[in-house]
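Engineer: Any chance you can model this:
(4 chains)
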There are 4 protein chains.
Amino acid sequence: MAADIETVLTEIAAEMAARPDRGDVATYIPQLAKVDVGRFGIAVALNDGRLIARGDAEIPFSIQSVSKVFTLTLALGKVGDTLWRRVGREPSGNPFNSIIQLEHERGIPRNPFINAGAIVVTDVLLSGHQPREAIGEILRFIQFLADDDTVYIDHQVAASEQATGFRNVALANYMRSFGNITHAPEMALGVYYHHCAIAMSCRQLALAGRFLAHDGRHAETGHSVVSSERARRISALMLTCGHYDGSGDFAFRVGVPGKSGVGGGILCVVPGVASIAVWSPGLNENGNSKLGSIALEKLAKAMNWSIFAPKVSPPA
Amino acid sequence: MAADIETVLTEIAAEMAARPDRGDVATYIPQLAKVDVGRFGIAVALNDGRLIARGDAEIPFSIQSVSKVFTLTLALGKVGDTLWRRVGREPSGNPFNSIIQLEHERGIPRNPFINAGAIVVTDVLLSGHQPREAIGEILRFIQFLADDDTVYIDHQVAASEQATGFRNVALANYMRSFGNITHAPEMALGVYYHHCAIAMSCRQLALAGRFLAHDGRHAETGHSVVSSERARRISALMLTCGHYDGSGDFAFRVGVPGKSGVGGGILCVVPGVASIAVWSPGLNENGNSKLGSIALEKLAKAMNWSIFAPKVSPPA
Amino acid sequence: MAADIETVLTEIAAEMAARPDRGDVATYIPQLAKVDVGRFGIAVALNDGRLIARGDAEIPFSIQSVSKVFTLTLALGKVGDTLWRRVGREPSGNPFNSIIQLEHERGIPRNPFINAGAIVVTDVLLSGHQPREAIGEILRFIQFLADDDTVYIDHQVAASEQATGFRNVALANYMRSFGNITHAPEMALGVYYHHCAIAMSCRQLALAGRFLAHDGRHAETGHSVVSSERARRISALMLTCGHYDGSGDFAFRVGVPGKSGVGGGILCVVPGVASIAVWSPGLNENGNSKLGSIALEKLAKAMNWSIFAPKVSPPA
Amino acid sequence: MAADIETVLTEIAAEMAARPDRGDVATYIPQLAKVDVGRFGIAVALNDGRLIARGDAEIPFSIQSVSKVFTLTLALGKVGDTLWRRVGREPSGNPFNSIIQLEHERGIPRNPFINAGAIVVTDVLLSGHQPREAIGEILRFIQFLADDDTVYIDHQVAASEQATGFRNVALANYMRSFGNITHAPEMALGVYYHHCAIAMSCRQLALAGRFLAHDGRHAETGHSVVSSERARRISALMLTCGHYDGSGDFAFRVGVPGKSGVGGGILCVVPGVASIAVWSPGLNENGNSKLGSIALEKLAKAMNWSIFAPKVSPPA
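Structural biologist: Model prediction:
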């Protein structure tokens, strides 16, 4: 019943290293296209304090949209639930960069994890700041959560995205036309590209996610990062919206809140139990890490970590 | 910490009975429009065997789309995961009776809980059966789960829906044009209207939902109704898709898998803990029971039942 | 300059008979799929009284959507411009059987020449009639215009369409749900399928279209069929909406009002000059007769019949 | 029968000056919002050489989207029919600045008269040029057609549009993401805003449109500006796409090719007969000049100028 996490991770990492079907690396950001599709890393930060890592768990990768978990947390701290006037909480039913829904719903993105919603969140973080300051605030927050000030921004990735991110420019300007971006679109986008370009290893990312597994508290100090209600709500959003148009499938197969990025990273939370980071740069048809999703499905099954499993074991 | 469920339910029922803002009763099915908006009932079937009820918990109401949980369970038992070739597992991002998505995705409904998806599920249940037999099978399954053979079909409601359900006729024929309905559309719809017209009290519905709270097992016999994996996956679908275009909001605020119906009923599952049925016929803007949603939010908060709460309490 | 129409038609018919690329016969109505793709016929009814025909101009074919010109004319005669409260006058920007626009515009079809709009027109013609009477009225009107009571309804085609027309059932019921179909959907559809199944030869169809070329008057008696204003407006609708999602291209290339049907027929009007019917059953990617469109482009060019050509020749 | 054009125009101008219901001036370009809604002017350049003007026909106004007729003409001269690989020829079925269709059709705008299509046309005109040069070429072309080098660009309007045109920035970047804008989006937009900001009086605009009424030839020299086929095709596009989502209605009511702009101007062509410019800044619900549309309907009716009227009068 109680599988051994060390053994489980060793087996998963070995299987993933050997699999030939690894998905395709994202190509629309030139800098990301250079990453070796053969990589696979996983790290689990258990609530009991252990950190168990396998594979390429020490190699920094571009966390991309995983950063949206942290910017959302910061923005909620800054403006509270008034944020929800400017962004919805519903799954989108559309690809991550779709602009259609914005026209129908007059510039209000469906949720904070699709690109449009994350750009609104970034716009919130810009209030009263220069872009450089806002970027610094985000980076320091993640360094604080990971307890590691070597987390850095890969400026080449940021520049690469800035040079080619025409669709994000479209989204930002489109929302600006409805008044739902309040700064110059290029400023909001500048901050957005930089937080997407944050580079972290699986180890660092798992550590940074611990506050969600600890019901909102800092894992080591026990101080409140966010209220427990807010931590749970962020987890709920990760479950319903964290994997673009594959969110339903991820909830169905893995059963754990997670947020993926096109760099191939996924951050998962098992409330009260663990924070998990996995990385494999090849993506599936929904733009989520192919091997990362499979590894998480196997891990959650082996450890009985689904949030849909009984809290107390049912009678056998 | 450990709130007393009896007290909590008494307080919630009293508050809900008194609230002036009760939403609007659905009017598009004439028979449903006659229901008294003043009603409120709630029943909780705890995994420890207790059944606690408050308010109008003994009055049968039309379960409508809540029945889709049971038909999905039956259809998965019949055809297994091949069902997913004909219906998706993603939230829809559209109202419950939208036809737009079907055109873009060539007749494959997004999930089994929107009308189109539930009609496909019904079509599956028709295989090898006459409509009358399929209806009987569904009714007996629910009677078996509730351990109560007084559960019945309100034929006036079924007739009322059949006489006015032009949009469902449209959905069924539209999918038939893509080959994703395999029987005569009017036959699939006949079965669909009848299972939507099943009448149950909160007490009966909470009892019928116990197999999901018991990880797939029958509450009293312990026999497997579905595998634990399938029970969890049905719960995952309820969380991501169970409240139409308000599913994300329900997950965010209540944090518990649930399925609502336009009759004002909601069935919720707290895995390993309880099956909950609530009923209040006034609906909110997304077509879900207004007071039912509020009551569930209060109940989940008071009892710490969110599935996003730690499985083991974090260090204080 | 003044090309000889006899010679022009002889050359076009010879070229069309020989062309190997003939498009594909519509397959979604089984009965239509049996038609020989090698057919090509053309007939021109000049306003001076001459009728010139080439190729398979005496063979009856299923006029399908071309019939919508005649039902629109009848409905305008019956309810006048109040018709436009129930159907729009704008090109659809979508395929002929799209249901998406109906959801966005709450059951009001964009124009009377897409399926949804034509079904509303048929619903208008049903007022005060039994389906059989309405069908009879439409048939007799076309016989009167063609001055030929051998024009008939191919009941096998009507039955074939009725047995397979699930998407039209969807459209009719969907509009019924918005109140924009006022009879039982199956009654409106019964009439619709029958007028679509009218069989005519190119000769008969060209003759039936003469009233539009004669500014609303009957070609032989000179009596008014419709006012000249209405005749011109029907022609305007044919130009902007007559070829589904290929209407703009047809206006661009041919420059003459026309209405096509999936049976491969096209009726064109050169105001003051001629009524033209062409038939070739192979369709292009927009569902319009492939060779028919090409033949009309060549004919309009050779005869200088574009309505965008100067009414008075410009200085050479 | 043959109404006197001088009298007709005098009556129309008097009626329009007096009408109280004048529509609303466009407000989304701040500079345009300042224009007096009381203005009305009309000018008709007959093919016989007469120029008849009434009302405010000498006051320059911002021609806005009317300029797209001239940029399309220039771009077709530059790249010929290869232009149609990058822009369609179909009515859009959506508002002028909709971005939805672009997502469904992968960055290919429906036609050259909606904003997205006109920005692609501008991108074509940029090839091998600096923006300043491209703007100069467009301005000189219009001056040449109007035979009047006082036609100018209102730089305040251009700047006003540039400062607020977030939606156009969105459109351009969105198409750039599909590769259908080949220059920096801000360069294409710079040219676009400047040609939209060209200021002309009704007199000048009617003169500039003469080449279309003269089947492609310069009215005074008789030299070919475009081939007669191309002139007719541009007119066909004006008829099917010239009034945004009101194009079908304009064809139905007025029956003459026209192109409108949000400045309240409309340019119409009666092939072989006249070029017409009308201006009244109040807009109807489709964004077209309200009084301008009404005046053109009255004029076309009084003069029997519908292109759907018989070329040769039918027998009485």
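
Engineer: any idea of the mean pLDDT in the lengthiest helix in chain A?
Structural biologist: In chain A, with assignment by DSSP state H, the single longest helix is helix A:131-146. Mean pLDDT, computed over helix A:131-146, is 97.

Engineer: next one: stretch A:235-244
Structural biologist: 96.

Engineer: check whether that stretch contacts chain B.
Structural biologist: Yes: using Cβ under 8 Å from any Cβ of the partner chain, stretch A:235-244 comes into contact with chain B via A:235-237, A:239-241. The C-beta positions use only the backbone N, C-alpha and C, and glycine is treated the same way.

Engineer: for A:Ala53, helix, strand, or coil?
Structural biologist: What DSSP: H, G, I helix; E, B strand; the rest coil gives for A:Ala53 is strand.

Engineer: looking at it, it is touching A:Ala45, isn't it?
Structural biologist: No: taking Cβ atoms under 8 Å as the definition, A:Ala53 is not a contact partner of A:Ala45, at 9.3 Å.

Engineer: Tell me how far the longest helix of chain A lies from the chain's centre.
Structural biologist: In terms of Cα atoms, centre = their mean, to the nearest Å, the centre of helix A:131-146 is found 15 Å from the chain centre.

Engineer: if I look at the closest residue in space to A:Tyr192 that isn't next to it in sequence, how far off is chain C?
Structural biologist: Excluding the flanking residues, the one nearest A:Tyr192 by Cβ to Cβ, 6 or more residues apart in numbering or on different chains is A:Thr122, at 4.6 Å. As for A:Thr122, its distance to chain C is 31 Å (criterion: Cβ to the nearest Cβ, to the nearest Å).

Engineer: just A:Phe308 next, same as before
Structural biologist: Taken as Cβ to the nearest Cβ, the span from A:Phe308 to chain C is 33 Å.

Engineer: Can you give me every residue that contacts that residue?
Structural biologist: By Cβ atoms under 8 Å, 6 or more residues apart in numbering or on different chains, the residues touching A:Phe308 are A:255, B:231-233, B:235-236, B:239, B:257, B:271, B:307.

Engineer: Check A:Phe70 too.
Structural biologist: By Cβ under 8 Å, 6+ apart, A:Phe70 lies in contact with A:138, A:141-142, A:145, A:195, A:208.

Engineer: List the buried residues in the helix or strand where it lies.
Structural biologist: Element membership of A:Phe70 [criterion: DSSP states H and E] is helix A:67-79. Within helix A:67-79, the residues scored as buried using 16 or more other Cβ atoms under 10 Å in any protein chain shown are A:67-76, A:79.

Engineer: can you check stretch A:99-111 too?
Structural biologist: Result for stretch A:99-111 [16+ other Cβ under 10 Å]: buried residues A:99-103, A:107-111.

Engineer: For A:Arg50, the count of nearby residues, please.
Structural biologist: 11 (other Cβ atoms under 10 Å in any protein chain shown).

Engineer: Excluding covalently adjacent residues, which one is nearest to A:Leu125?
Structural biologist: Per Cβ to Cβ, 6+ apart, closest to A:Leu125 is A:Ala134, 4.9 Å.

Engineer: Rebuild the residues of stretch A:235-244 next to chain B as TSV, extending it with neighbour count and secondary structure.
Structural biologist: Output for the residues of stretch A:235-244 next to chain B, formatted as TSV (neighbours: other Cβ atoms under 10 Å in any protein chain shown; DSSP: H, G, I helix; E, B strand; the rest coil):
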residue	neighbour count	secondary structure
A:Ser235	31	helix
A:Ala236	27	helix
A:Leu237	27	helix
A:Leu239	32	helix
A:Thr240	27	helix
A:Cys241	28	helix
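
Engineer: and which of the residues you listed is nearest B:Leu189?
Structural biologist: A:Thr240 (30.1 Å; Cβ to Cβ).

Engineer: ok, back up a step: can you list the buried residues of helix A:67-79 in CSV and add pLDDT and distance to C:Arg19?
Structural biologist: Rendered in CSV, the data for the buried residues of helix A:67-79 read as follows (pLDDT from 0 to 100; distance: Cβ to Cβ, whole Å):
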residue, pLDDT, distance to C:Arg19
A:Ser67, 98, 59
A:Lys68, 98, 57
A:Val69, 98, 61
A:Phe70, 98, 64
A:Thr71, 98, 61
A:Leu72, 98, 61
A:Thr73, 98, 66
A:Leu74, 98, 67
A:Ala75, 98, 64
A:Leu76, 97, 66
A:Val79, 96, 67
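
Engineer: of those, closest to chain C?
Structural biologist: A:Lys68 (30.5 Å; Cβ to the nearest Cβ).

Engineer: quick one, what contacts that closest one?
Structural biologist: So A:Lys68 contacts A:112-113, A:118, A:121, A:259 (Cβ under 8 Å, 6+ apart).

Engineer: What is the most widely separated pair among these?
Structural biologist: A:Val121 and A:Lys259 (13.0 Å).

Engineer: how much space between the closest residue to chain D within the stretch 201-316 of chain A and A:Arg167?
Structural biologist: Distances between the stretch 201-316 of chain A and chain D by Cβ to the nearest Cβ are smallest at A:Asp245, namely 13.7 Å. A:Asp245 sits 16 Å away from A:Arg167, going by Cβ to Cβ, to the nearest Å.

Engineer: just A:Gly49 next, same as before
Structural biologist: 42 Å.

Engineer: where do the strands sit along chain A?
Structural biologist: A:24-25, A:41-46, A:51-55, A:61-62, A:152-153, A:198-200, A:258-260, A:265-270, A:274-279, A:282-283 (DSSP state E).

Engineer: Kindly state which of those is positioned closest to C:Ala199.
Structural biologist: The nearest among the strands of chain A, by Cβ to Cβ, is strand A:24-25 at 53.5 Å.

Engineer: what's that closest one packed up against?
Structural biologist: strand A:282-283 (3 or more Cβ pairs under 8 Å, 6 or more residues apart in numbering or on different chains; DSSP states H and E).

Engineer: And the strand it packs on, what does it pack against?
Structural biologist: Short answer (3+ Cβ pairs under 8 Å, 6+ apart): strand A:282-283 packs on strand A:24-25, helix A:290-303.

Engineer: Next, the contact list for A:Leu139, please.
Structural biologist: Counting by Cβ under 8 Å, 6+ apart, A:Leu139 has contacts A:151-153, A:195, A:198.

Engineer: How about the most centrally placed residue in chain A, nearest residue that isn't a chain neighbour?
Structural biologist: By Cα atoms, centre = their mean, chain A has its centre lying nearest to A:Val66, at 2.1 Å. Closest residue to A:Val66 apart from its sequence neighbours, by Cβ to Cβ, 6+ apart: A:Gly261 at 4.3 Å.

Engineer: quick one: the one you found from chain B, how far?
Structural biologist: For A:Gly261 relative to chain B (Cβ to the nearest Cβ), the value is 19 Å.

Engineer: try A:Leu171
Structural biologist: Taking Cβ to the nearest Cβ, one finds A:Leu171 at 17 Å from chain B.

Engineer: How many residues are close by that residue?
Structural biologist: Counted with other Cβ under 10 Å, A:Leu171 comes out at 32.
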